[in-house]
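[1] return atomic coordinates for the entry below.
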Amino acid sequence: MATCSRCGGESFSAGAMISAVRTSFRPQESKFLTLETGDVMTKAMMCRGCGVIEIIGDVNKLKRLTSEPNAITEKFVAKAVNE
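    A predicted model of the protein is given here:
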């Protein structure tokens, strides 16, 4: 069970941070060319005891955006460099 880092509470509500559109995270070191958007979607959890909000991102997408190009994307990178 998760515990609040601020008050030690164990009761949370799931949700999302909303502005004009849903909030996402864009890693600074993302790859130049990918087959998907550079935004990592986030979700949020709010402690019911003190109100602290924890934002959680999709680590699998972060890994895809910041790792070395794979065989599929490598051909597109090579083509863009040679043109």
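
[2] measure Thr23 to Gly9 for me?
    Per Cβ to Cβ, to the nearest Å, Thr23 is found 24 Å from Gly9. Glycine gets a C-beta too; all of them are placed from N, C-alpha and C.

[3] and Arg64, what are its phi and psi?
    phi -70, psi -40 (degrees, to the nearest 10).

[4] check Lys61 too.
    Dihedral angles for Lys61 - degrees, to the nearest 10 - are phi -70, psi -40.

[5] could you do Ser5 as well?
    Dihedral angles for Ser5 - degrees, to the nearest 10 - are phi -70, psi -20.

[6] for it, what are its contacts?
    With contact set as Cβ atoms under 8 Å, 6 or more residues apart in numbering, Ser5 has these partners: Val52, Glu54.

[7] let me know the pLDDT of it.
    pLDDT recorded at Ser5 is 92.

[8] and the closest residue to Thr3 other than its chain neighbours, how many neighbours does it have?
    With sequence-adjacent residues excluded and distances taken as Cβ to Cβ, 6 or more residues apart in numbering, Thr3 is closest to Glu10, at 5.7 Å. For Glu10, the tally of surrounding residues (other Cβ atoms under 10 Å) stands at 12.

[9] how close does Met41 sit to Thr3?
    For Met41, the distance to Thr3 - Cβ to Cβ - is 25 Å.

[10] quick one: which of these two has more around it?
    Counted by other Cβ under 10 Å, Met41 and Thr3 do not tie: Met41 has more neighbours, with 14 against 11.

[11] list the beta-bridge partners for that one.
    In this entry, Met41 is beta-bridged to Ser24, by DSSP bridges.

[12] my read is that it contacts Lys61, right?
    Yes. Met41 is within contact range of Lys61, at 7.4 Å (criterion: Cβ atoms under 8 Å).

[13] which parts of this protein are strands?
    Counting by DSSP state E, the chain has strands at residues 12-15, 24-25, 40-47, 53-57.
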